[in-house]
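> this one's structure only:
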Ligand code: SAH
């Protein structure tokens, strides 16, 4: 299955692992630093181009490792500047990644899985089920490809793990990807520029709380009661609202930082004044901010986006109770790049998945 006959992928290795592999093969450890600089700083996708390494070393690297880079199959640009990329992985599966400029930051929205097992009721990706996890190399690969495609390699950008998939359901590869992105000889990204969004897989959230590299945390809450949330987020039956909020209270936050609670607003379902009041009460004393996401409607999604008045009055109720609140601007809707809208068709589908068109948040 793996391209390259099971050879390790240079682009998915942490620097210490690459150093150890080089050492084992009789090469100098510090070559790992040069290789990192070529791959991440200069955007090289072929070891032959790493011209400060000897020909012998380049030949040895080409023989022992692959250097996998997702291929851009399709690229769409929205009127608002958002760009959506359809990327093909080495086994032919496809994922989507989005570049969202001027938020005011420059942001890459990155996938962590092909499909998703969480099956949230309003999310198209959820309809597709989980096809497979992405490797760390494929997660970082999206950043490498997008940074080149939109000429951001030498500029600061943020990443949000809000693409296809549940990052905490692919814990090890996701954390490895964050460590590679953080490497001082690679992108050298600060964890402050990384946001991990999760539906609340509690055991993994507890693990995250002990990580040395701590991204910003966003929790997909979507409803203030178990009754409502259970209808929208199947995982709520396992880890309920109060469990999630308790875990958030315990989560170690840096000074001045807050947990973002994402709340997709669905007309008549979770957008009523009493929902807003309950939400404010639930979050009292939690260092939080609420990001309201008016539903991005799509065929096959049995909900509607609330009116602007309903959205505003929901936000006002929260603000009046001292909750920090923002409404997420829908970006790239014309190219179906907004939250819950990205569609990747043509994956190998199971019978159940055939029923739904394959999608990406
Ligand atoms: N699995 C992770 C990350 C991906 S989803 C999570 O659930 O947090 C990123 C955000 O987009 C989540 O808050 C998700 O609930 C939201 N989303 C999914 N479908 C949506 C839709 N149709 N409209 C608006 N937001 C949606």
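Ah, there it is. Given the structure is predicted, the values throughout are model-derived calculations rather than measurements.

> Wasn't residue 73 part of a strand?
Yes: counting by DSSP: H, G, I helix; E, B strand; the rest coil, residue 73 is part of a strand.

> Count the residues that sit near it.
By other CB atoms under 10 Å, 12 other residues sit near residue 73. Placement of C-beta: from N, CA and C, glycine included.

> for residue 268, same thing?
When neighbours are defined as other CB under 10 Å, residue 268 has 10 of them.

> Run through the residues that contact it.
Residue 268 makes contact with 304, 306, according to CB atoms under 8 Å, 6 or more residues apart in numbering.

> Kindly report the same for the one 3 residues further on.
Shown in contact with residue 271 (CB under 8 Å, 6+ apart): 265, 306, 310, 311, 314.

> In helices only, show me those residues.
310, 311, 314 (DSSP state H).

> just curious, which of those is nearest to residue 86?
Comparing these against residue 86 with CB to CB picks out residue 311 as the nearest, at 30.5 Å.

> Mind pulling up the pLDDT for the closest one?
With respect to pLDDT, residue 311 has a value of 96.

> what separates it from residue 270, distance-wise?
According to CB to CB, to the nearest Å, residue 311 and residue 270 sit 12 Å apart.

> So between the two, which is more surrounded?
Counted by other CB under 10 Å, residue 311 and residue 270 do not tie: residue 270 has more neighbours, with 26 against 18.

> ok, for the more buried one, nearest residue in space, not its chain neighbours?
If you skip the residues right next to it in sequence, residue 270 has residue 223 as its closest partner in space, 4.8 Å away by CB to CB, 6 or more residues apart in numbering.

> now the contacts of residue 271 as JSON lines including distance to the ligand?
Below are those laid out as JSON lines (distance: CB to the nearest ligand atom, whole Å):
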{"residue": "265", "distance to the ligand": "8"}
{"residue": "306", "distance to the ligand": "12"}
{"residue": "310", "distance to the ligand": "15"}
{"residue": "311", "distance to the ligand": "12"}
{"residue": "314", "distance to the ligand": "15"}
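
> Of these, select the buried ones using a ChimeraX command.
The ChimeraX command for the buried members of the contacts of residue 271 (criterion: 16 or more other CB atoms under 10 Å) is given here:
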select :265,306,310,311,314
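
> which residues are contacting stretch 187-198?
Residues from elsewhere that reach stretch 187-198 (CB under 8 Å, 6+ apart): 40-41, 105, 143, 147, 156-162, 166-168, 174, 178, 181-182, 204-205, 208, 213-220, 260, 262.

> The protein: strands as residue ranges?
71-77, 83-88, 94-100, 107-109, 113-115, 130-133, 158-161, 194-198, 216-220, 259-265, 288-294, 324-327 (DSSP state E).

> Summarise which helices and strands the third one is packed against.
If I follow you right, that is strand 94-100. Packing contacts for strand 94-100, counted by 3 or more CB pairs under 8 Å, 6 or more residues apart in numbering; DSSP states H and E, involve strand 83-88, strand 107-109, helix 136-149.

> okay, residue 338: pLDDT?
Residue 338 carries a pLDDT score of 73 in this model.

> State the phi and psi torsions of it.
phi -80, psi 170 (degrees, to the nearest 10).

> Quick check: it touching residue 330?
Yes: counting by CB atoms under 8 Å, residue 330 is a contact partner of residue 338 at 4.7 Å.

> Show me which of those two is the more surrounded one.
residue 338 (27 against 18).

> mind checking how far that one is from residue 115?
Residue 338 is 19 Å from residue 115, by CB to CB.

> that older thread, which neighbours do residue 338 and residue 330 share?
Common neighbours of residue 338 and residue 330 (CB under 8 Å, 6+ apart) are residue 296.

> List the contacts of residue 317.
Residue 317 makes contact with 273, 276, 277, 280 under the criterion CB under 8 Å, 6+ apart.

> Dig out what the most centrally placed residue in the chain forms beta bridges with.
The residue lying closest to the centre of the chain (CA atoms, centre = their mean) is residue 161, at 1.6 Å. Beta bridges link residue 161 to residue 196, judged by DSSP bridges.
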